Each structure stands twice: as C-alpha cells, then as structure tokens.
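# structure for the following, please:
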Amino acid sequence: VSVAQYDTSIICPWKENGSKINVTNENRNEYVELLIDFYINKHISKQFEACYYGFHSGCS
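Coordinates of the predicted model:
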C-alpha cells in the first residue's frame, strides 16, 4: 500500500510479492486481515499508544 508521509509517498508491503497478487474471492479474507493489521497495528500504532497512555494517565 502507498502511504502519504509529509510530501512523499512510501510503499509499505503487507506481504512478500503482494503487489503482484490480485484480490479474489478466495483470498479476500486474508487481504482484509492484512489491511486491518497494517492500519491498526503498524500505521497508527504510535498515535494510538500516545492517546492510550494519555487517557490512562488522566484517569489515574
């Protein structure tokens, strides 16, 4: 997937040779799982972590 970072785009592969694999009915579940994993666990992890710790420190 191509992600905009400042004034440039970065290519972030989810899977080896993934850009050469078409999404089909047979592999669409894997595609969605990889998509969710990328956005939730990799792409926004730093922002989520800061929000999480800020929220919990405010509740303490």
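
# who's in contact with residue 13?
residue 19 (C-beta atoms under 8 Å, 6 or more residues apart in numbering). Where you see a C-beta, it was placed from the backbone N, CA and C, and this is true even at glycine.

# need phi/psi at it.
Dihedral pair for residue 13: phi -70, psi 140, per degrees, to the nearest 10.

# for residue 49, see how far away it is.
Note on residue 13: its distance to residue 49, by C-beta to C-beta, to the nearest Å, is 23 Å.

# same check, this time on residue 12
18 Å.

# for the residue lying closest to residue 34 once chain neighbours are set aside, grab the count of nearby residues.
Spatial nearest neighbour of residue 34, chain neighbours left out: residue 14 (4.2 Å); criterion: C-beta to C-beta, 6 or more residues apart in numbering. For residue 14, the count of nearby residues is 15 (other C-beta atoms under 10 Å).

# before we move on, what SS does residue 14 have?
Three-state assignment for residue 14 (DSSP: H, G, I helix; E, B strand; the rest coil): coil.

# what's the answer for residue 22, then?
The three-state label for residue 22, taken from three-state DSSP, comes out as coil.

# any idea how many residues pack against it?
For residue 22, using other C-beta under 10 Å, the count is 6.
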